[in-house]
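S.K.: Here is a sequence together with a model predicted from it:
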Amino acid sequence: MKVAHIITGLGVGGAEQQLRLMLRHLPARCDVFTLTAPGSVAHGILADGHRVTHLGMTGNLDATVMPLLVHLLREGRYDLVHTHLYRACLYGRLAARLAGVRAVVATEHSLGDDSIEGRPLSVGVRAMYLASERLGCATIAVSDTVAQRLRKWGVPASRVHTVPNGIDARRFRFDPVARAATRARLGIPADTFVVGGVGRLVPGKHFETLVRAVAVLPDARLLLAGDGPERETLHAIASSLGALDRVHMLGECDGTVASGTAGAVEIPELLSAMDVFVSPSSEESFGLAVLEALAAGLPTLHVTCPAIDDLPSAEAPGARRIGTGVPELTARLCEFQKAGPVRLPVPPVVDHYDIARSAERLMAVYRAATGAPQLPAPAPHTATSVPAPASLPLTSR
């Protein structure tokens with residue numbers, strides 16, 4: 001099966017990182033088309049051996065990419081087109097139809113109650129989304145929570161399929177050697193209580209709550225991997241509270257590496273260096289960072305995490321849901337600080353979201369969309385990436 005993936009951009013972001021990981025496990029030939037921003041994730045996909053084509057879109061209304069995209073899809077003779085993120089779904093579904101590709105699916109990565117990919121859910125946004133959705137044959141939700149939102153929006157239940165984001169848990173196993181080395185590299189004493197967070201520094205993530213909570217804990221340190229428009233605000237908050245020397249803002253995070261003033265630091269190494277993980281975000285479509293922390297054996301605190309909230313609590317005994325206030329978070333962190341460092345067994349929820357399982361579920365959607373025969377459910381196995389040439393150039397218009 002030959003599949004074209006169309007995505008709005010390939011800079012740092014959860015949807016972009018998930019696409020790269022999924023491509024490593026799909027038993028299909030996949031090419032990637034990015035409307036804009038062929039950033040670090042694009043280069044990672046190239047390094048994995050997949051073709052990436054940058055279409056050079058200059059803005060939301062730049063329809064000049066349509067003829068080129070239609071031509072490339074027709075020339076590529078794809079069996080299926082898979083779109084990701086709002087703008088790519090609008091342009092990609094239409095281009096696929098014009099190119100004669102009948103099997104078109106889309107993944108909804110970032111639909112919240114009141115926003116989609118950070119933009120408010122206006123009447124116009126919703127109308128364009130639903131009109132575009134009808135051009136496809138299936139819409140994939142990354143969690144049951146997102147599936148419910150899609151149905152509430154008016155997407156027919158028969159067209160909604162849940163294929164959760166996946167995790168390669170082996171990468172995040174706790175490593176005591178990495179813990180010591182990472183702390184030494186960051187200048188953190190071995191016995192210091194360390195709190196961690198990972199994500200884009202945007203208002204909805206509410207990392208200001210985490211900075212304020214850690215600031216009042218004696219001698220505690222915060223490792224915050226990520227970048228975004230709130231960086232300066234968080235820096236100012238830490239400075240005003242006299243905690244700037246204890247808040248380590250580690251820079252851009254591509255899902256596996258944080259790159260900033262400390263140089264490139266692997267996310268699994270950072271998780272090993274932490275004592276507790278916090279996700280203060282008030283709205284998530286999945287919550288992959290929390291799963292990665294659980295895979296590292298970390299106790300976690302989260303405001304919302306559909307990946308966990310959609311399952312029985314016994315699946316994630318190391319995760320605790322909290323409110324949005326600073327006092328509650330401070331009190332919880334104080335409990336962990338007094339108890340001392342602990343590493344927990346990896347909970348069942350991590351295996352539930354194994355990337356190989358998610359890839360199998362996605363292939364089932366592909367087969368249904370193309371009319372290919374469905375295969376019996378395979379026995380559990382260790383996933384391997386699809387062999388492909390590793391020297392394909394990043395092409396552009």
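M.R.: Okay, I see it. Numbers count the residues shown, from 1 in each chain.
S.K.: what stretches of the stretch 201-350 of the chain score poorly on pLDDT?
M.R.: Within the stretch 201-350 of the chain, the segments meeting pLDDT under 70 span 253-263.
S.K.: Would you state the strands of it in chain order?
M.R.: For the stretch 201-350 of the chain, the strands defined by DSSP state E, counting those that start in this stretch occupy 221-225, 247-249, 252-253, 257-260, 263-266, 276-279, 300-302, 319-321.
S.K.: Out of those, which is closest to F174?
M.R.: strand 276-279 (12.1 Å; C-beta to C-beta). (C-beta placed from N, C-alpha, C; glycine too.)
S.K.: Any chance you could list what contacts that closest one?
M.R.: 195-199, 210, 213, 271, 287, 289-290, 293, 296, 298-303, 305, 329, 333, 336 (C-beta atoms under 8 Å, 6 or more residues apart in numbering).
S.K.: Of those, which belong to helices?
M.R.: Mapping the contacts of strand 276-279 onto helices (DSSP state H) picks out 210, 213, 271, 289-290, 293, 329, 333, 336.
S.K.: so what are the domain limits for the protein?
M.R.: Following automatic domain parsing, the chain resolves into domains at 2-166+354-396, 169-351.
S.K.: mind checking the SS state of V52?
M.R.: Secondary structure, DSSP: H, G, I helix; E, B strand; the rest coil: V52 is strand.
S.K.: distance of it from A42?
M.R.: Here the distance between V52 and A42 works out to 5 Å (C-beta to C-beta, to the nearest Å).
S.K.: Next: V350.
M.R.: Taking C-beta to C-beta, one finds V350 at 28 Å from A42.
S.K.: what packs against the lengthiest helix in the chain?
M.R.: Ranked by residue count and defined by DSSP H, the top helix of the chain is helix 355-370. Packing partners of helix 355-370 (3 or more C-beta pairs under 8 Å, 6 or more residues apart in numbering; DSSP states H and E): helix 14-23, strand 80-84, strand 104-108, strand 138-141.
S.K.: Make TSV from those and add mean neighbour count and distance to I355 to it.
M.R.: As requested, those are arranged in TSV below (neighbours: other C-beta atoms under 10 Å; distance: least, C-beta to C-beta, whole Å):
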stretch	mean neighbour count	distance to I355
helix 14-23	22	6
strand 80-84	28	16
strand 104-108	26	14
strand 138-141	23	15
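S.K.: out of these, nearest to L223?
M.R.: For L223, the closest of the helices and strands packed on helix 355-370 is helix 14-23, at 18.9 Å, according to C-beta to C-beta.
S.K.: and the closest one with strand 80-84, angle?
M.R.: Between helix 14-23 and strand 80-84, the angle comes out at 150 degrees (axes from the mean of the first three to the mean of the last three C-alpha atoms, to 10 degrees).
S.K.: Report the buried residues of stretch 314-322.
M.R.: Within stretch 314-322, the residues that count as buried by 16 or more other C-beta atoms under 10 Å are 315-316, 318-319, 322.
S.K.: could you dump the residues you listed to TSV with distance to I116?
M.R.: Formatted as TSV, the buried residues of stretch 314-322 follow (distance: C-beta to C-beta, whole Å):
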residue	distance to I116
E315	28
A316	27
G318	31
A319	26
I322	26
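S.K.: From those, pick the one nearest V123.
M.R.: I322 (34.0 Å).
S.K.: Give the full set of residues in contact with that closest one.
M.R.: Applying C-beta under 8 Å, 6+ apart, the residues near I322 are 301-303, 328-329, 332.
S.K.: with these in mind, which one is nearest to A184?
M.R.: Using C-beta to C-beta, these come closest to A184 at L301, 26.3 Å.
S.K.: beta partners of the closest one?
M.R.: L301 has these beta-bridge partners by DSSP bridges: V278, R320.
S.K.: picking up where we left off before, out of the contacts of I322, which two sit at the greatest distance?
M.R.: Pairwise over the contacts of I322, using C-beta to C-beta, the maximum falls at H302 and E328, 12.5 Å.
S.K.: neighbour-wise, which of the two wins?
M.R.: Using other C-beta atoms under 10 Å as the criterion, H302 and E328 rank with H302 on top: 23 against 14.
S.K.: Could you count how many residues lie near A213?
M.R.: 25.
S.K.: and what of Y86?
M.R.: 23.
S.K.: Help me confirm that it comes into contact with Y129.
M.R.: Yes: counting by C-beta atoms under 8 Å, Y86 touches Y129, with 7.0 Å between them.
S.K.: which residues are common contacts for these two?
M.R.: Residues touching both Y86 and Y129 (C-beta under 8 Å, 6+ apart): I116.
S.K.: show me the contacts for the closest residue to L291 other than its chain neighbours.
M.R.: Computed as C-beta to C-beta, 6 or more residues apart in numbering, the closest residue to L291 that is not its neighbour in sequence is I167, at 5.1 Å. Taking C-beta under 8 Å, 6+ apart, we find I167 in contact with 288, 291-292, 295, 350, 353-355.
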